[in-house]
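> Sequence first, then the predicted structure:
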Amino acid sequence: MISSLVRTGLVTAAIFAAAGSALAQTTWVLPSAYPPANYHVQNLSQFASDVDAATNGALKIAVHPNASLFKAPDIKRAVQTGQAQAGEVLISLHENENPVFGIDVVPFLATSFEQSKKLWEASKPAIEKALDEQGLKLLYATPWPPQGIFTKKELNSVDDLAGLKWRAYNVGTARIAELVNAQPVTIQAAELPQALATGVVDGLMTSSATGVDSKIWESLTHYYDTQAWIPKNVVFVNKEAFEALDPAVQKAVIDAAAAAETRGFGLGVEKTAAYMDSLKQNGMQVVAPSEELKTGLAEVGAKLTEDWAAKAGDGGKAILDAYSKM
């Protein structure tokens, strides 16, 4: 009987130990606005998998793509308020909150992935500080391909952009519409395919990645490879959620985030060539902008740079100075 009780006690202890382990497990919800096949989401999924493996399942991150939980502009607020523990956003969506969030969409400031990486290094401390003040901890960034112009007509100069129903998704793209006399229409990535199909949008400046994600060749015909800027998505976590983790789990998250950033910059380079090929294979006319168009866009870019610098003040000047020395 004693032996039986011992065995029963050991089984009961094992059950409670298992229950305690289950209770110790933490799950984070991480919304993203982009489709599962997009490399940003694939990078997020690998990040989540790396965290799971490094913590032996103590922290699981459930990635919810395609704006299935929150629309793109609402993700950051959802993480701040604890509706989600982590999130991914196109950081320039929030330039109205703080000009530093719009540094990577200043036209023609950083037009290669090498320049984009340097600009990120120059601006990261300021972005990290701005997010920290909002109750968020920065984890990592991933760049998009360079931005070009999609239309269903030829463009010889910026005058040809006048009257287009121009997709705006941040301060910069809305300002471009204003400067070239286009009609800005606010459309986020998840809504773009329908907006294109219904004619709500017939011109936009975006990446080749978004063009492929939205099968843009079904609605538009031309892609002008202007390489205007290289925007970035950033991934962050609610500070309280992060600080509630065991220190070893926190380290695993930080390490996985560093790996995700390195991988993400590599994916940006790799995928850009593939996206451009996909546009061509699906019938898009992929062309370099004319000298007249480049000149006009440079003038638009100079105006937007002036606008940004005026808003960003001394902090913005410090970032630009640091970037110029890299």
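Nice, I can see it. Numbering: from 1, shown residues only.
> Where does pLDDT dip in the stretch 1-150 of the chain?
Judged by pLDDT under 70, the stretch 1-150 of the chain has its weakly predicted residues at 1-24.
> Run through the helices of it in chain order.
According to DSSP state H, counting those that start in this stretch, the stretch 1-150 of the chain carries its helices in the segments 2-24, 39-54, 72-80, 113-132.
> got the angle for the shortest one vs helix 113-132?
What separates the directions of helix 72-80 and helix 113-132 is an angle of 50 degrees, with axes from the mean of the first three to the mean of the last three Cα atoms, to 10 degrees.
> Show me which positions of helix 72-80 end up buried.
In terms of neighbour count (16 or more other Cβ atoms under 10 Å), helix 72-80 has its buried residues at 72-76, 78-80. Bear in mind the C-beta positions are built from the backbone N, C-alpha and C, glycine included.
> Now distance to Ala33 too, for those residues, in a markdown table please.
Listed next are the buried residues of helix 72-80 as a markdown table, based on distance: Cβ to Cβ, whole Å:
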| residue | distance to Ala33 |
| --- | --- |
| Ala72 | 4 |
| Pro73 | 9 |
| Asp74 | 9 |
| Ile75 | 7 |
| Lys76 | 11 |
| Ala78 | 12 |
| Val79 | 13 |
| Gln80 | 16 |
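> Which of the residues you listed sits closest to Leu44?
Ile75 (12.2 Å; Cβ to Cβ).
> From Ala130, how far off is the residue nearest to Gly313 when sequence neighbours are not counted?
Spatial nearest neighbour of Gly313, chain neighbours left out: Pro99 (7.9 Å); criterion: Cβ to Cβ, 6 or more residues apart in numbering. In this view, Pro99 and Ala130 are 10 Å apart by Cβ to Cβ, to the nearest Å.
> do Ile75 as well
16 Å.
> again with Trp308
With the distance defined as Cβ to Cβ, Trp308 ends up 15 Å from Ala130.
> Near Thr198, how many other residues are there?
The local packing count at Thr198 equals 9, with neighbours defined by other Cβ atoms under 10 Å.
> Check Asp314 too.
Asp314 is flanked by 6 other residues according to other Cβ under 10 Å.
> can you tell me which helix or strand it belongs to?
Counting by DSSP states H and E, the element that carries Asp314 is helix 291-324.
> Can you name every helix or strand that that helix contacts?
Using 3 or more Cβ pairs under 8 Å, 6 or more residues apart in numbering; DSSP states H and E as the contact test, the elements touching helix 291-324 are helix 113-132, helix 171-180.
> Next, the contact list for Ala48, please.
By Cβ atoms under 8 Å, 6 or more residues apart in numbering, the contact list for Ala48 reads 30, 60-63.
> Name the member of those residues with the most neighbours.
Across the contacts of Ala48, the neighbour count under other Cβ under 10 Å reaches its highest value at Leu30, namely 25 neighbours.
> and that residue, what are its bridge partners?
With DSSP bridges applied, Leu30 shows beta-bridge pairing to Val63.
> how near is it to Ala141?
Distance, Leu30 to Ala141, using Cβ to Cβ: 15 Å.
> can you tell me which residues contact Ser32?
By Cβ under 8 Å, 6+ apart, the contact list for Ser32 reads 40-41, 44, 63-67, 75, 87-88.
> Now it: phi and psi?
Note on Ser32: backbone dihedrals following degrees, to the nearest 10 are phi -140, psi 150.
> Report the separation between the closest residue to it other than its chain neighbours and Gly264.
With Cβ to Cβ, 6+ apart as the measure, Glu88 is the residue that lies nearest to Ser32, at 4.4 Å, once sequence neighbours are left out. Glu88 sits 11 Å away from Gly264, going by Cβ to Cβ.
> That's all I had, so thanks and see you.
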